[in-house]
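> how would this look folded up:
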Amino acid sequence: MSRKNRVFAVEFKVLTAQRILNGESVSALNNELGIKRSVLYRWLEAYRSEGTSGLRRPIGRPPGGMPRPSPSRPSPEEVAARHIAELQRKVGQQAVDIDFLRRAFKRVKTLRQNNMTSGETASTERSEA
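Sure thing, here's the model as predicted:
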């Protein structure tokens, strides 16, 4: 018999919880019945707190869990706001690039002027005459 998706009668759960309350070992019941110890402890706790009604829970997840977000389309305002934010990021990146290039060209211009004053050619290649 497969252990997955076994369904136990409420009466069986009550008798098992009573056996534990009468002093039988949970480990012994685990070995005898082939039911996980965590399940046995869950049954015991439900029986202690709510009696027989605590063991009459329906199968599956309890209702009222985390609701799933409904897949809805974003409003035109949200689409426009995302597009504007993307464009602003691009403009900011371009401003950083322009600033970098301005500083690089200024440095190259300064280096070339320094090379011209020393009497050397500004080119990296030397001409052979």
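
> In terms of residue numbering, what are the domains of the chain?
According to automatic domain parsing, the chain comprises the domains 10-55, 78-118.

> highest average neighbour count across the ones you listed?
Most buried of these by mean neighbour count (mean count of other CB atoms under 10 Å) is domain 10-55; its value is a mean of 14. Any C-beta I mention is one placed from the backbone N, CA and C, and that applies to glycine too.

> Can you add mean pLDDT and distance to residue 72 and give the domains of the chain back as a markdown table?
Compiled in a markdown table, these are given as follows (pLDDT from 0 to 100; distance: least, CB to CB, whole Å):
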| stretch | mean pLDDT | distance to residue 72 |
| --- | --- | --- |
| domain 10-55 | 92 | 38 |
| domain 78-118 | 90 | 10 |
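
> Now the ones you listed in TSV, please, with extra columns for distance to residue 71.
TSV is the format used below for the domains of the chain (distance: least, CB to CB, whole Å):
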stretch	distance to residue 71
domain 10-55	35
domain 78-118	14
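
> and residue 98, helix, strand or coil?
Following DSSP: H, G, I helix; E, B strand; the rest coil, the label given to residue 98 is helix.
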